[in-house]
Structures are given as C-alpha cells and as structure tokens.
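Undergrad: below are the sequence and a predicted model; questions follow.
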Amino acid sequence: MKRIVLQNLPSIGLLIIGLILVAILLLPATSFLVVGISPKIFDQGSSWFTFNKFAQALGGNAAVGLADSFWVSALAAIVAVSIALAMSWLFQRSDLGSQGIYTILIWAILLSPSYLVADGWQRLLARNSILTVIGLDPSFLRHLLLGPFGVTMVLAFKGFPFAYLAIAVAVAGLGREFEDAARVHGASRLQVVRIVVPILLPALFSGLVIVFAESLSDFGVAATLASDAHFPIATYTLYEAISSFPVNFGMAAAVGWLLMGGVVLALFSQARALKGKSFAVLSGRTRPSVPVKLSFPTRIAALSFLVVFFGLALGVPVLGAFTASLLPNFGSNLSWSNITFNSYKELLHATKLFDPIIFSAEMALVTATIGVVVGAVVGHLLASRRSGILGKGLDLLLLTAVALPGIVLGAGYIFAYNLPFMNNLGINLYGTVALLEMAYLAGALPSIARVLVGPFAQIQNSLLLAARVHGAGSFRSWRKGVLPIIARSLLWSWLLTFSTVFFELPISELLSPANKTPLSIAIITELNKSSYAQGTAMAVIAILIVLLLIVTVLTFFKIITPKGWTKIQGQLM
Amino acid sequence: MQLPNKISRNFVGQSKSIDPVLEKSIPSKYKKLFLPSLMGFSLLLSACGSTSSASSTSTTSKNISTASLAKASSSTPLVIYAAEGYDKAEGAAFQKATGIKTEVVDRSTGPLLAKIQAEKNNPQWGLLWVDGAEAFAALDTQHMLVRGFEPQGSLNKLGKLVVPKDKSYVPTGLTVAGAVVYNVKTLPTPPTNWNQLLTPSYKGAVGMNNPAVSGPTYPFVAGMMKYQGGEKKGKTYFEKLKANGLQIFRTNKVTLHALESGQLKVAIVQNSAGLGASFKDPNLKVAYPSKVTVLPSVIGIDAHASKIQQAEAERFAQFVYSTQGQKVMLSGDPHGDSLFYPIRKGISPHKVLPSLASVPTQATNPYKWGPRESSIDNWFSNNIVQ
C-alpha cells in the first residue's frame, strides 16, 4: 500500500530539510573525506589526486586496526541486539513490572560517555581497588578486560540502548493478533517465536546496523580501554593520525572512507534481507497485547538477568567514577580513611563548573529542539518506502555519518566553513556559537533519525486514512492519529540529543569559540591537570543533572498528556 | 627607516614596566634622575645593536603604539591558541595592562595543532603557546611562523640554548620532558642514570606515556635517543627497556595512577606533573637521572596573521617576558604548569623545584627531531607499545 503521509509534507519543507542536511552534514563530511584523495584542495599536501593515504590506512598496524574494528563492532552489535530483544520482550510483553526504573537505567547507560564506562571498569579491576580491599584478586579479569573482550563488552553496553530503542517499540507495537493466530493454528511457543521474530526483522536489522555504526565510530573506548590494552582499532589509528604533528588529515580521511565503507556493506545486507517486504503492523485495528504472566522461576531468572546486566553496564562505571571522585590525588588507593568529599566541596565553591554547565545546557537545549523537529521529518522520510532513490540516499548519508567520528566532522567543518572566499563574502562562521550549534546538530541528527525510523515504520496509512475519512485535515489527522503514537519516541529523542550534546567532546574541542568553555572541555582540562578527583566529581555532577532532567521531563510528560496516549503506546518506554 | 621603527617598538615595549634588574641596581634616590636618561641610552644601544638581527620577515608595524593597538584590537583582537595552565590568567593580565583585547582558546595541544593545520588556507590564530619546540620547528619549516622576533630581556644560559637561530619562536620557560617520579615508601633510592632502569631490580616496574598520544612524551623519547647516541641506539635502549617489562600508558594521569597504586616503582612523566602530584601525596618525589631533556614552553606568531595582530602578538610575548608576566606564569597554575624554570635572568622558580644547576640537563634540536616525530611515534607504536 502506498503511503499518503509523504504527500502531506509540502515540497518547500522537503527542500529546506534537504538544504539543512547538505549544509550541516554533506558539505563538511565531504570536505574532510576529499582530503583523503586530494590533499592539495585544502592545502594539506602536494598532490591533487593520490591513493597514497589509503595505502597508509591499509598498511601495517592500521590494517589490523581496521579489521579489529569491524569484527569487534559486529560482535558488539549482535550481543547488544540479543540483550535488547530479550529485554524488550520482558518489559513490553510480560508482567514483570517496574518499567519506569528500568527505563531510567537504560537512559542512564545511553547518556554516560563511553570513556566513563571504560574508565569505571578499569578502576574496578585496577590494583588496590574496591575488589582488592574486600580481598578479591581481579588480575585475571583485568587481563580479560584489557583486550578484545573488554572492548566488545563496553561497546555492546553502550550500543544496547540504541538497539533497545529500535526493538522495544516494534515489540510493543506488534499487537497480539499474530501470536493469537499462530496459537489458534496449534503452533508451539517456539513456533510462535519463529513466526513473530521475522515480523521484527526491520527493527532487529536497524538495531544491528545502528550498534555496528556507533561502535565503529566510538572514540571513548578507543582512547581509553583499547589504547591501554594496546589493542589497535580503527578510530585509534585515526586519532593517532590527527594527534601527531604535522597532522595527517589525509590518512584520517582514508580511515574515515573505510569505516563508511563498512557501514555501507552493513546497509546493503540489511536491504537485501528486507527487500520488497512491508513490515507495517500498527494499524487502526491493532489491539494492545495482554502481558504474559511470568512463572516464579522465570521471574527470578529474569530479575537476575536484569540485575547482572545493569550492574555490569551501569553499576560498575558509576562505582568506579564515584569512588575516584571521593579519593585524593589519582584515586588509586581505596580505604575508609582516604574518603573525602573535598573535591565536591571545592567544586561547589568554584565558578569553573557553573559557566560550562550553563553553556553546554543552552547548546544542548537548542540542538535537541531543532534536532527532534528535523529528525522527525527525516525519520519519517526514511520509513516511507515510497521515497525511492532520494530515501535510499538519505538513509545512506545518515548512517554513514554515524560511522564518522566527531573529530572528523569537526575538522570537516573547519575545511568547509573557513574558506577564504567565505570571509570575503562576509560570512565568518568559524569560531562562532552558530557553527558549533550546526556541528552538534550534524552529530546528533543521524542517531535521532535512526531512533525514530522504527516508530514511523510501524504506522500504517490506515491510521491517517481513517482520520481523513472522518473529515480531519492533514495536520489534524497527523496530530490525532500519528503524534500520540510517536510522542514518547520524540521525547526520548529530545532527551538523547540533550545528553549527547551536553557531554560532546571532539567537536567542542575543534569548534567552540574562544570565550566559551563547553562542559566536556572543563572536565577534560580538570582531569588532565593534577586534580583528577575534581574532574571526576564534575562528571558525576553533570550526569546527575541530566538524570534529574530526564525524571522531571518524563513526569511532566505524564501529567500533561491525555490518558489515551499512554494507552495507545501500551507500556512503551 | 629601520632605526626609528625599532626605537619606537622598544620604547613601547619597555614603557609599561622597567627592567627589574636595572631598577634594583640603582639607589632609589637617583632613580628619578637617572632612569629616563638611562632608558634612553639603553634604547639607543639596543636599537643599534639589533639592527643586524632584525629579519625581513618580522615586519610587524613597529611604529604602532600600544594605545593605537588597543584601539585597533576592538576590531582585530589577539587570538591566542594555548595549552598552558596559566594561559587564561596571562591573557587577562595582558589585556588589563595594555588594553589590547585578547581571546584565549585554551584546549589541549593536539586539538590546537589540528585546528592550525586544518585552518592552513585561512589561519584564524595570532599566537600559539604550548609545550615543546618540535611542532614550532615543523610550523617554521612550512613558513607558518614570523621569523626574526625576540622579546627584550636577558636570558639565562639554558634559556639562550633553546632560542632558535632564525628566531621563529620564543621560548618562555622550561620544564623537564621526562623525569622520574617515584614513591619513597617503595623506592628509597631513585635511579641516577637511565641505564639503571635496565637492571633486574626495575623489571616490570617502569612506566611511561605513549608518545603518539601524550604531548610532552615525544621530546623525552627524542632526548633519550640523543643521549644514547642517535636514533638507532635510542631504539635499542627502548627495546631493552621493553624487554625489562616497560609498561606504556596513555597520559600522565594514567601513568601516575599506576605508580600510586603500586603497579610501578618508577613513572617517567613531565616533571611539572610529578611535582603537582607530590603536593597531594608527599610520598611521591621527582628525580632527575643523567641526563634529562628540557622541554620549553614556546610562543610562535602566525606569519599569515594581519600586521596588527602580529604586532599585538609581539607585544604579548614581550609582556610574558616582563616581571609582571613572569609572575602570572608562576602563579596561574600553582600545582601544574607554573612549576617551571624561568629562563629570564633574575626570576626564581617555585621553591619545590631543585636548583637548575643540580639537574643534569640537555636540549635537543627541534629542527632535527621534529620532522622525525611521526616516524618515531609510529615505530614506538609498532615495536614498543604492542
């Protein structure tokens, strides 16, 4: 069935969205990538056309790094999607209860920067850590953590929320009729699973691809765990190319090309698997599912699974960061006599924390708001199967953009927006808050769109048609028919963008204006100086602020939205 | 034309603060009487003496006065890219003293150099101030720095050693690239020369940063290669160190963390970081085996900046050399970058630093070792880190 939703979008709106995407994403990313084959264009070398940089990116350790990146990210994606599928079923289709708490926990994982998760693990397993104090010897685990196992684990933890966002919505929206139909025809539980899982394929594939792309581009784990483990991964090669001087942007660009190539391959396999099928299940006739009653042993098993998972993904990093912030100096030697709240006391009396928090909060607020509006339109376009080549191009652009690390995007912004002829035209964007804002938006948009594709893909046109048949205008049918279903996803996307921008580091380092200090830079400056405890305390305070914001926004949302909305969405997120 | 220009520049440079060394040596009752004429004399002397050193490339508007610069700075502020703990304090003090509007972009060295490189076809910076001369030597060979400028102020012996021949950058102080930080509880007597680290008593107990990630570590590696008698012998030294269980960490913080937790006996890091850590843990001490490599903090001026901004930048470098500027450097980051050895005569370092005469130092030639940075880092990554 063809969709009418797209027709409702005025073409001028589409044009604006297209221009925004070109300006914030395509132009800077292309500018950076072009340096890989033509360094002379931006004065980064002597050749107009060369493949030398690719030879560098595919030689020696760099090749090993690339191969490692691919298999580690693929494995992380499979692990994350499996956990997300299990958890989606538990939260959306069983009577386990307390979803509110788990929702907060999932979001807490999403918003903790990956370097913090990695660092927390390293702290827990370090010598003289809390484990040693209670008499355990973590040396075997330490060995395991500092290697492919640890890197995959942290990437899977960090990717899990993305997979969950893609899958939970699909599981919740599945309705009961498919299971009922199967059961009526005498299918066993296992057979029901075999029938239902293919219906979830788009969501599962979205989950796999997004976690794969996010893991490929992750910088935090590359700069901490992988670097300490001396386990070469591609982002680390890229980081090395950019940190030595003269900076080798050409090689970094070549690595960028290869990472993007990996995502294109993943997208290609996704397209092949889903070719020619529609997976729209959420229609005007969808009935909410009845939660499955869990038996006592299953319940105990489910709860243990949750406790272990959240303990590993969240408890350990929080414990690591928090104990570090309570200890003097480098936080190495834990004992009761050592514990002090001094770093917090000092921080609360210093302005160095407040200004960066306010600046980053403002930036995050603006980016999140614009990002959700643009992201919703883009997510909608992506979900629409009618969009043809344009839609496919858009999908490709956004997903490959996920695979480009922030530092690449930041440097691309300098190439694209610091051209002499722009200054001559009177356009001086580089070094302004506006350009930083654009880059933040570019960094956040691919993830938002990806998160929103799932919910949009599930909306059948019958919902809108029904509204139109009953005489509602296109806006009204959108507001009444579609908005209630996607409102919560929009809200979560807003919160996701807010927290990502709040903690964003590489783009901030390259593009923030002289007199402004984003929070991430304030934290890293503090960490690099001798006051490690203060730096960690800053990070802990910042995370608490975001968590508080999330709880407040969610509560407010629950109060102001009509009851029917909650009902439609079942127990979504 | 050269003479009056030079005089006016010198006059502006010195009118704000009179040289303290000069000031101290004159009995106070004569100051009023003698100073103006003495100053005039010294200006004339310096003008005559320096005509030959004035390079054609340092063509900044030498006849621009501070007042007119201050006025011009509202449209062309001085943009400083800096990674020093005291940079913001220095920028604020400079702006207050001269009225010249100053914007400090305070980031880590890596991102700053990446910015400069990415901006190459349209530079936005006026002055760069970071540790390590190697990057400046590389910028200079790409003709990206103003040559032939040297602020007024007499330097000590070590200071003179780190001034480049073409005066393309200005050293502002010295730290030690790789010093030994140890815990007196676990290691009562620290090593006195680097070869001791190859002995069994240090097996598996030595740690250092990865030069490809940590800024001040490459100068240590280059210095060690020089000390061992060249790149080849230096590589052999690091291979032996690796065979003796050398551990590599990301940055100072992580290496010092490993020392604090007892994983290491010896952490090789920049001395200012070690001294900073010893403020919080008095058991941590810093030792200087023979020989350690000095690591200058360095100012370079953008050759492609406007003449006004170049003049402002030169004024800034002059301010850093003044007694007032040195005071700000020594107090701006008391547990970090302020723990340096001043190179201006008559300025004393923080009292936690041992006398410079007691430290066995050497300096490396950044023009020789700078261009080798990426190949040596790469070798280090493939052979020592792995």
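TA: Perfect, thanks for sending it.
Undergrad: setting aside sequence neighbours, what's the nearest residue to residue A:25?
TA: Excluding the flanking residues, the one nearest residue A:25 by Cβ to Cβ, 6 or more residues apart in numbering or on different chains is residue A:442, at 4.8 Å. To be clear about C-beta, it is placed using only N, CA and C from the backbone, and glycine gets the same treatment.
Undergrad: pLDDT weak spots in chain B?
TA: B:1-64, B:66, B:73-74, B:386 (pLDDT under 70).
Undergrad: can you list the strands that the longest strand that it contains pairs with?
TA: Counting by DSSP state E, the longest strand found in chain B is strand B:292-301. Strand B:292-301 sits in its sheet next to strand B:127-131 (antiparallel), strand B:169-176 (antiparallel), strand B:361-362 (parallel), going by DSSP bridges.
Undergrad: the residue nearest to residue A:25 contacts residue A:26, doesn't it?
TA: No: using Cβ atoms under 8 Å, residue A:442 is not in contact with residue A:26; the gap is 9.4 Å.
Undergrad: between the two, point out the one with more neighbours.
TA: residue A:442 (28 against 17; other Cβ atoms under 10 Å in any protein chain shown).
Undergrad: pull out the buried positions in the helix or strand hosting the more buried one.
TA: Taking DSSP states H and E as the definition, residue A:442 sits inside helix A:433-457. Residues of helix A:433-457 classed as buried under the neighbour-count rule (16 or more other Cβ atoms under 10 Å in any protein chain shown) are A:435-457.
Undergrad: please name every helix or strand in contact with it.
TA: helix A:148-173, helix A:201-217, helix A:351-383, helix A:388-403, helix A:406-417, helix A:483-503, helix A:506-511 (3 or more Cβ pairs under 8 Å, 6 or more residues apart in numbering or on different chains; DSSP states H and E).
Undergrad: and residue B:200, which of the ones you listed is closest to it?
TA: Residue B:200 lies closest to helix A:148-173 among the helices and strands packed on helix A:433-457, at 31.0 Å (Cβ to Cβ).
Undergrad: Three-state assignment for residue B:347, please.
TA: At residue B:347 the chain is in coil, as set by DSSP: H, G, I helix; E, B strand; the rest coil.
Undergrad: where do the helices sit along the stretch 151-300 of chain A?
TA: A:177-184, A:189-199, A:201-217, A:220-221, A:227-229, A:234-243, A:249-274, A:296-310 (DSSP state H, counting those that start in this stretch).
Undergrad: so can I have TSV of those helices showing distance to chain B, mean pLDDT and mean neighbour count?
TA: Shown next, in TSV, are those (distance: least, Cβ to the nearest Cβ, whole Å; pLDDT from 0 to 100; neighbours: other Cβ atoms under 10 Å in any protein chain shown):
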stretch	distance to chain B	mean pLDDT	mean neighbour count
helix A:177-184	51	74	15
helix A:189-199	42	77	13
helix A:201-217	17	86	26
helix A:220-221	12	83	26
helix A:227-229	5	78	22
helix A:234-243	4	82	26
helix A:249-274	7	82	20
helix A:296-310	27	90	13
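Undergrad: and residue A:561, which of the ones you listed is closest to it?
TA: Comparing the helices of the stretch 151-300 of chain A by Cβ to Cβ, helix A:201-217 comes nearest, at 24.2 Å.
Undergrad: close to chain A: what parts of the stretch 151-300 of chain B are there?
TA: Neighbours of chain A within the stretch 151-300 of chain B, by Cβ under 8 Å from any Cβ of the partner chain: B:210, B:212-213, B:248-254, B:256-257, B:260-263, B:273, B:276-277, B:279-281.
Undergrad: again, 10 Å this time
TA: Residues of the stretch 151-300 of chain B found near chain A (Cβ under 10 Å from any Cβ of the partner chain) are B:210-215, B:218, B:247-263, B:272-281, B:284.
Undergrad: among those residues, name the ones in strands.
TA: B:247-249, B:284.
Undergrad: is residue A:521 in contact with residue B:108, as I believe?
TA: Yes: using Cβ atoms under 10 Å, residue A:521 makes contact with residue B:108 at a distance of 8.8 Å.
Undergrad: need the residues touching each of the two.
TA: Common neighbours of residue A:521 and residue B:108, using Cβ atoms under 10 Å, 6 or more residues apart in numbering or on different chains, are residue A:509.
Undergrad: between the two, which is the more surrounded one?
TA: residue A:521 (22 against 18).
Undergrad: what separation do you get for that one and residue A:508?
TA: Applying Cβ to Cβ, to the nearest Å, the value for residue A:521 to residue A:508 is 6 Å.
Undergrad: identify the contacts common to the two.
TA: Joint contacts of residue A:521 and residue A:508 (Cβ under 10 Å, 6+ apart) are A:356, A:359-360, B:107, B:111.
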